[in-house]
Each structure stands twice: as C-alpha cells, then as structure tokens.
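> Next one to model:
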Amino acid sequence: MPQAGDQAPAFQLADQDGNPVSLAQFAGRSVVLYFYPKDDTPGCTVEACGFRDEHSALEAAGAVVLGVSADSTASHRKFATKFNLPFPLLADVDHTLSEAYGVWGEKSLYGRKFLGITRATFLIGPDGVLKQVWPKVKVNGHVAEVLAALKGEAPAADSAVKKPAAKKAPAGKKVAAAKKAPAGKTVSGKSAATRKATAKKAAPAAKAPRAAKKAATAKKAPVAKKSTAAKKPAAARKPAAAKKPAAAKKAPAGKKPGAGKKPAPAKKSAAAKKASRK
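This next block holds a predicted model:
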C-alpha cells in the first residue's frame, strides 16, 4: 500500500454512466479516492451517504470525490441512483486499481475466506502526491476526518499506519509507571499524609450530626417531663373526688343501729296515768 508522500498510482476507469475517469484530468485539484467492498451494503451505504451529505463542503475545500469498488457499472448506476450520489463510482471489475493501491486481498467473513477490497481512503494532493492515507476506515466520523485533513485541521503528513506506533509507546509507559508507584507515594496529586489530614478535618463534620441529635434529644426531654407532670395532678384529683363521696356515704353505715335516732319517750306507769287523770 502506498504511503503519504508517495506518488499516487495513475488510473483510468469507467464510472456508473460508462464515462472514462482518470487521475490526470484532476491535476491541480485534491482527490479523495475511497475504496469500498460492495454496492448497497450497510457500511458502504453509510459511507457513500456521508460523502454525499458533505459533498458541497468537500468541493468548497477544492476536492473531487471518487468511489471505487469491484462492482459493475450497472451495479454502480443502481446504487448511485438509489441514494442520489453526486460523485463518480469507478468500476474496478478486474481489481487492477485496487491492487495498485494495496487494498485487494484475502478477507474473512463468518469463517469464510475470499478475495475482496479492504475499506481504505487516499487523499491525493493537487500535485499527484499522496497527502494522507486511511488504511482501515471506520465508517462513523470518517468523512469529517477527510474534510478536516483538506482544511489543514489534521496533520497532513502522518498516515494512519504510523499513528498507532506513536501513541501506543507513551501509553504503555504511563501504565507501567502507574503500577510501579509505591503505595505511600502521591496518588492523583495527593499524598497519604494529605489524605489523613483531610480525613481528620472531615471527622468533626461527621460528628456534627451526632451533636445535633443530642441537642434535639435534650430539647425533647423537658417536653416529655412537663406532659407527665401535667398528667399526674389530673390523675390524682380524679380518684380524690371519687373517694370523698364514698367516704361520706360509708360513715353512717359504720355507726350502730339507731345511734342517730332520738330516744323514744318512756312509757308512763299506770299510777302516773291515773294521777294525771285526777
């Protein structure tokens, strides 16, 4: 596969309408040459529609978009018509162009191996030199990457093959450094001593709710005592009032029979009766 800085392989293929399209006819302009596996498949449709939606912005940046697959011109025409694709789709039926750009090879799908095109994109500069290469394209966000490269918002000289090597080395060192760091030393910018000091400061804050609970309990206690004190007199009065009438009623019952009655007058003798008659 040619890399950034290499001369782009020349080509001439028919598009979906049978018109010949060559790299030479776009001299002085940037060319976005993207290879995709097959017409009207999920990933390829998303990618094609992404280039379609940003086609005006890509043209404004001075670029021409060309799609390439091993499908026939008839298949390309159907695909372009169905999704209103505004750019040419080149029919690389004998995969000559795919081999020249290193994207034709063995693939595997569901355990089945076959030959086909690997999804890849090449950004060719106005001078015919490769400006940037994306060897394993991820469909989501890819068009935005290409547009950024055209506008000079992304590093133009770095290909996608070189980027992983540059990024993986520092990442591995950071992980190793994180594992080897002693437990007592600073972690995330704070030492163990700082953690302990922070924990001690946080301790009074934790005790504050307990003190508040004690104060609340102390306040509630008098209220409970008052209510008890208020209830006790009422309870004492009720039995007293009930007992007094009972005592008054029971007093006469305790006396001897007839003690409260006046003594009956003594009967006069027969002699006294006679004397009073005379």
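> Please count neighbours and contacts with C-alpha atoms only from this point.
Fine.
> Run through this protein and note the low-pLDDT ranges.
The chain contains residues with pLDDT under 70 at 153-278.
> so where do the strands sit in it?
12-14, 20-22, 30-35, 63-69, 89-91, 104-109, 112-117, 120-124, 130-134 (DSSP state E).
> Columns distance to residue 97 on top of those, output as TSV?
Shown next, in TSV, are the strands of the chain (distance: least, C-alpha to C-alpha, whole Å):
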stretch	distance to residue 97
strand 12-14	9
strand 20-22	11
strand 30-35	10
strand 63-69	9
strand 89-91	10
strand 104-109	9
strand 112-117	10
strand 120-124	13
strand 130-134	15
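> Specify the stretch among these that is closest to residue 145.
Proximity of the strands of the chain to residue 145 was assessed by C-alpha to C-alpha; the nearest stretch is strand 130-134, lying at 9.6 Å.
> The closest one pairs with which strands?
Applying DSSP bridges, strand 130-134 is found paired with strand 120-124 (antiparallel).
> Residues contacting stretch 105-124, please?
The contact list for stretch 105-124 (C-alpha atoms under 8 Å, 6 or more residues apart in numbering) reads 8, 30-37, 69-70, 98, 103-104, 130-137, 146.
> Ok, stretch 56-75 next?
14-18, 26, 29-39, 51, 55, 87-95, 117, 147, 150-151.
> Pull out the buried residues from that stretch.
58, 61, 63-73, 75 (16 or more other C-alpha atoms under 10 Å).
> ok, so of these, who is nearest residue 47?
Using C-alpha to C-alpha, these come closest to residue 47 at residue 67, 10.1 Å.
> Excluding chain neighbours, what is closest to the closest one?
residue 89 (4.6 Å; C-alpha to C-alpha, 6 or more residues apart in numbering).
> My read is that the one you found contacts residue 19, right?
No. With contacts counted by C-alpha atoms under 8 Å, residue 89 stays clear of residue 19, the gap being 10.3 Å.
> Looking at these two now, which is surrounded by more residues?
More crowded of residue 89 and residue 19, by other C-alpha atoms under 10 Å: residue 89, with 31 against 11.
> Next, the contact list for that one, please.
15-16, 66-69, 76, 80.
> can we see that at 6 Å?
Going by C-alpha atoms under 6 Å, 6 or more residues apart in numbering, residue 89 touches 15-16, 67-68.
> Make TSV out of these and add distance to residue 109.
Shown next, in TSV, are these (distance: C-alpha to C-alpha, whole Å):
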residue	distance to residue 109
15	28
16	27
67	23
68	21
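> May I see the buried residues of stretch 22-30?
Quick answer for stretch 22-30 (16+ other C-alpha under 10 Å): 23, 26, 29-30.
> no, scratch that, I was asking about stretch 95-106
Buried residues in stretch 95-106 (16+ other C-alpha under 10 Å): 95, 97-98, 101, 103-104.
> next one: stretch 42-59
Result for stretch 42-59 [16+ other C-alpha under 10 Å]: buried residues 43-45, 47-52, 55, 58.
> CA atoms only: put that stretch into CSV for me.
In CSV, the C-alpha atoms belonging to stretch 42-59 read as follows (Å, rounded to 0.1, in the frame of the first residue of the first chain):
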residue,chain,number,x,y,z
PRO,A,42,-24.9,-1.3,5.1
GLY,A,43,-21.5,0.0,5.8
CYS,A,44,-20.8,1.1,2.3
THR,A,45,-24.1,2.9,2.1
VAL,A,46,-23.4,4.8,5.3
GLU,A,47,-20.0,5.8,3.9
ALA,A,48,-21.3,6.8,0.5
CYS,A,49,-24.2,8.9,2.0
GLY,A,50,-21.6,10.6,4.3
PHE,A,51,-19.6,11.8,1.3
ARG,A,52,-22.9,12.8,-0.4
ASP,A,53,-24.0,14.9,2.6
GLU,A,54,-20.7,16.7,2.8
HIS,A,55,-20.1,16.9,-0.9
SER,A,56,-20.6,20.6,-1.1
ALA,A,57,-18.1,21.2,1.7
LEU,A,58,-15.6,18.9,0.1
GLU,A,59,-15.9,20.7,-3.2
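> what comes into contact with stretch 138-157?
47, 131-132.
> one more time with 8 Å
Residues contacting stretch 138-157 (C-alpha under 8 Å, 6+ apart): 4-5, 43, 46-47, 50-51, 54, 57-58, 61, 63, 123, 131-132.
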